[in-house]
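Peer 1: Generate coordinates for the sequence data below:
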Amino acid sequence: MKNITIAILAALFLSANVSAAIKIDARQARNMDDVQSLGVIYINHNLATVSEAELALNEESEAQGAKYFRPILMHEPGSNGVIHASADIYR
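Peer 2: Below is the predicted model of the structure:
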């Protein structure tokens, strides 16, 4: 029974990771003919690192039903390196 539970949990974990939105760059976004723009998302809380910003953008992209996102990161002057993030999202 324990092995079945572990197998089910592993399958759920793997399927959750498969649905993650894919980060793309500006060149890729320009060359993708078969995608539809869903707009722009904004992360309105302060983020300390680029990795945190990209993770937050990925999570919000998924929540909006996007398959791809192109990050736009901003460092505010005088904010001790705090990052505010937004992204173009695509389906």
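
Peer 1: chain center to whatever helix or strand Ser61 lives in, what's the gap?
Peer 2: Secondary structure from DSSP states H and E places Ser61 in helix 50-63. With CA atoms, centre = their mean, to the nearest Å as the basis, helix 50-63 stands 4 Å off its chain's centre.

Peer 1: just checking, what packs against it?
Peer 2: Applying 3 or more CB pairs under 8 Å, 6 or more residues apart in numbering; DSSP states H and E, one finds that helix 50-63 makes contact with strand 22-23, strand 37-47, strand 68-75, strand 83-90. Any C-beta I mention is one placed from the backbone N, CA and C, and that applies to glycine too.

Peer 1: Make JSON lines from these and add distance to Glu54, mean pLDDT and mean neighbour count to it.
Peer 2: Formatted as JSON lines, those follow (distance: least, CB to CB, whole Å; pLDDT from 0 to 100; neighbours: other CB atoms under 10 Å):
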{"stretch": "strand 22-23", "distance to Glu54": "6", "mean pLDDT": "94", "mean neighbour count": "14"}
{"stretch": "strand 37-47", "distance to Glu54": "9", "mean pLDDT": "87", "mean neighbour count": "14"}
{"stretch": "strand 68-75", "distance to Glu54": "6", "mean pLDDT": "87", "mean neighbour count": "18"}
{"stretch": "strand 83-90", "distance to Glu54": "8", "mean pLDDT": "91", "mean neighbour count": "21"}
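
Peer 1: Compare those and give me the one nearest Glu59.
Peer 2: Among those, the nearest to Glu59 by CB to CB is strand 37-47 (9.2 Å).

Peer 1: which residues are in contact with that closest one?
Peer 2: With contact meaning CB atoms under 8 Å, 6 or more residues apart in numbering, strand 37-47 is reached by 53, 56-57, 60-61, 64-66, 69, 72, 79, 82-91.
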